[in-house]
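Q: Just a sequence and a predicted model for now, questions to come.
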Amino acid sequence: MKKQHVLIIVLASISILFITSCKKFLEVTPKHAIPDETAITDKKSAEQALRGVYRAAGQYKQSYTILNVLAGGDATWNNVGDPHLIIAHDYRADNANLENVWNSIYRAINQANLVIEKVPAIEDQQLTPQERDRLLGEALFFRAMGYFDLVRVWGGVPLKLTPTDNLNKPLDLARSSREQTYARVKDDLAQARELLPETNAANRIRVSREAVQALLSRVYLYENNWQQAEQSANALISNPHFALAAPFSSWFKTDGGTKESILEIAYSAQNPNGLRNDMQHQTKGGSYSLAPKPATAQLLNDPDHSGGAEGRSALVGSLTQAGTTVWYGNLYFRSPATDPLYVLRIAEQYLIRAEARIYNNDLENALADINAVRARAGLAPYASGNYDIESPEALLLAIGNERRFEFLWEGDRWPDLVRTGRAITLFNLEPYKLLFPIPLKEVVIGKLEQNPQYN
């Protein structure tokens, strides 16, 4: 009992210190809150509640992206605070950024739970069966995405499937296993796929059946389910609504979306994309908090890694100050910050299929997928004269390198390194650090089981 009291006092002290002295990762509403305006009674309020799900998902994706970009080793943080501990892989249960990400994901899940629970009971002749199905399907997708993003960095987590409106009420649930969490994700996605329409080729900012399929491909990849991963990715690659956009920068510099995107989250001048502010230099109106490490930026300006001016070098920008080159991220660049957040892209499906094909002993077609992504980036294809294309291990490493630069600012580098077993060697980590610690408040107050060796 005494130890518990001490932990609570320490937790309170840390919270006060952080609030008063450190720049927050992202302003996050408490995860249990359901605003009064989201009470669902008719079609209009149901649509409003679903917009709340999109907003909550967009908020958590920003902080989740920063967390994984920093842990992935290719970026630095130019302000004070706990992000520097993430960069150093000094993970602690009292890290305010970890808690903020955890809370923001559960807030999005809670918003989705509200829609899932209330929409089936709505009695409104203005709400057609097709519209009802779509609302439910979109909410199920975002709940699945939230739990997938939790499980791949924290392991099994509590599966909260009903909404709560009590800010002070704990989840009051034990942690589910990793396998149970993945099963929940796949069950939600299976339901969503049946409820949702196929994509509208002109609208990439609404969840579609293809978006569900793309997230399923990613889930199969993380489960090492190579047969289904290949089949799922193949279904999207063969869909004429999607294609690799060329030149490379066109997929994010073109207003209105391209065939590259399977799903984007939209922002506006009133609801801006905070990643733009974090990345852009002060001379461009940003805070310049998140920046590429110089070594990473230099690689992206090496044609052998980036493909030259029309390639991935567009992901970073530079300026000269006092004779020194200063690098900044340039994926999100619009002013005002109306850049969409890129959730799912067809390029990832090519690399998922390539990896699955290697494990399915189809090296020739795996190489073709890798080279398709390289060609779009302006890079020379791998062939027998310049790469060991007969080695599965070499091809897997090639995929890892393509993913590193292709998705530099999209937050998949750290989970990728963990998934492929490369994080331990690359960062000289103890194995327990492959999972983040459960936030201290959840352990002390919520009685959740902590991940091993963080106690």
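A: Arrived safely, thanks for sending. Numbers count the residues shown, from 1 in each chain.
Q: rest of the way, CA atoms for contacts and neighbours
A: Fine.
Q: and the protein, what are its domains?
A: 2-240+261-266+430-444, 274-339 (automatic domain parsing).
Q: quick one: the shortest one to chain centroid distance?
A: This points to domain 274-339. 20 Å (Cα atoms, centre = their mean, to the nearest Å).
Q: For that domain, measure first residue to last.
A: 9 Å (Cα to Cα, to the nearest Å).
Q: That domain - what's its average pLDDT?
A: Mean per-residue pLDDT for domain 274-339: 94.
Q: Nearest to A394, out of the domains of the chain?
A: domain 274-339 (16.2 Å; Cα to Cα).
Q: quick one, strands of this protein?
A: 75-77, 261-265, 290-292, 316-321, 324-329, 341-345 (DSSP state E).
Q: Now tabulate the ones you listed in TSV and tack on mean neighbour count and distance to D278.
A: Listed next are the strands of the chain as TSV, based on neighbours: other Cα atoms under 10 Å; distance: least, Cα to Cα, whole Å:
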stretch	mean neighbour count	distance to D278
strand 75-77	21	9
strand 261-265	25	17
strand 290-292	25	5
strand 316-321	14	13
strand 324-329	18	9
strand 341-345	21	13
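Q: Nearest to Y454, out of the ones you listed?
A: Of all those, strand 75-77 comes closest under Cα to Cα, at 24.3 Å.
Q: and that closest one, what other elements does it pack with?
A: On a contact count with 3 or more Cα pairs under 8 Å, 6 or more residues apart in numbering; DSSP states H and E, strand 75-77 meets helix 43-71, helix 83-87, strand 290-292.
Q: which residues sit against stretch 304-316?
A: 247-249, 292, 297, 299-302, 327-331, 376-379, 405-406, 408 (Cα atoms under 8 Å, 6 or more residues apart in numbering).
Q: Now the terminal residues of it, how far apart.
A: End to end - Cα to Cα - stretch 304-316 spans 16 Å.
Q: and if you look at stretch 411-428?
A: For stretch 411-428, the first-to-last residue distance is 21 Å (Cα to Cα).
Q: now swap in stretch 119-134 and tell me
A: Using Cα to Cα, the two ends of stretch 119-134 sit 10 Å apart.
Q: Next, the buried residues of it.
A: Judged by neighbour count (16 or more other Cα atoms under 10 Å), stretch 119-134 contains these buried residues: 119, 127, 131-134.
Q: got it, and stretch 161-180?
A: 163-164, 171, 175-176, 180.
Q: possible to save the residues you listed as JSON lines with distance to L367?
A: As requested, the buried residues of stretch 161-180 are exported to JSON lines (distance: Cα to Cα, whole Å):
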{"residue": "P163", "distance to L367": "46"}
{"residue": "T164", "distance to L367": "49"}
{"residue": "L171", "distance to L367": "46"}
{"residue": "R175", "distance to L367": "40"}
{"residue": "S176", "distance to L367": "38"}
{"residue": "Q180", "distance to L367": "34"}
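Q: Of all these, the one with the weakest confidence?
A: Scoring those by pLDDT puts L171 last, at 68.
Q: Just name the closest of the buried residues of stretch 161-180 to R419, please.
A: Using Cα to Cα, those come closest to R419 at Q180, 17.9 Å.
Q: show me the contacts for the nearest residue to that closest one once chain neighbours are set aside.
A: Using Cα to Cα, 6 or more residues apart in numbering and skipping residues adjacent in sequence, the residue nearest Q180 is G156, 7.4 Å away. Listed by Cα under 8 Å, 6+ apart, the contact partners of G156 are 150, 175-181.
Q: do L396 as well
A: 355, 358.
Q: For it, give its distance to K447.
A: Taking Cα to Cα, one finds L396 at 40 Å from K447.
Q: worst-scoring helix or strand of this protein, pLDDT-wise?
A: Ranked by mean pLDDT, DSSP states H and E, the weakest helix or strand in the chain is helix 2-21, scoring a mean of 39.
Q: wait, doesn't E210 sit right on E194?
A: No: contact criterion Cα atoms under 8 Å: E210 and E194 do not qualify, at 11.3 Å.
Q: Would you mind measuring from S217 to D302?
A: In terms of Cα to Cα, S217 sits 31 Å off from D302.
Q: just to revisit the earlier point, buried deepest among the helices and strands packed on strand 75-77, which one?
A: strand 290-292 (a mean of 25; mean count of other Cα atoms under 10 Å).
Q: Which pLDDT value belongs to Y432?
A: So Y432 comes in at 97 (pLDDT).
Q: I meant to write L367 there.
A: pLDDT, L367: 98.
Q: ok now do it, which residues does it touch?
A: For L367, counting by Cα under 8 Å, 6+ apart, the contacting residues are 354, 382, 389, 395.
Q: and the gap between it and N360?
A: 13 Å.
Q: Please apply the same query to Y182.
A: From Y182 to N360 the distance is 22 Å (Cα to Cα).
Q: Which of these two has more residues huddled nearby?
A: Legend: neighbour count by other Cα atoms under 10 Å for Y182 and N360, higher for Y182 (23 against 13).
Q: Once you drop chain neighbours, what's closest to the more buried one?
A: F148 (6.9 Å).
Q: ok, residues contacting stretch 410-426?
A: 64-69, 71-73, 152-153, 222, 342-343, 400, 403-404, 407, 429-431, 434.
Q: rerun at 6 Å
A: Under the contact criterion Cα atoms under 6 Å, 6 or more residues apart in numbering, stretch 410-426 has outside partners 65, 68-69, 71-72.
Q: would you list these in a markdown table and tack on pLDDT and distance to T41?
A: Shown next, in a markdown table, are the contacts of stretch 410-426 (pLDDT from 0 to 100; distance: Cα to Cα, whole Å):
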| residue | pLDDT | distance to T41 |
| --- | --- | --- |
| T65 | 98 | 34 |
| N68 | 98 | 38 |
| V69 | 98 | 40 |
| A71 | 98 | 43 |
| G72 | 98 | 44 |
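Q: D90: which of those is nearest?
A: A71 (9.8 Å).
Q: hang on, the closest one packs against D90?
A: No: assessed by Cα atoms under 6 Å, A71 is found out of contact with D90, at 9.8 Å.
Q: among the contacts of stretch 304-316, which ones are buried?
A: 248-249, 292, 297, 300-301, 327-331, 376-379, 405-406, 408.
Q: quick one: which of the contacts of stretch 304-316 sit in helices?
A: 297, 299-300, 376, 405-406 (DSSP state H).
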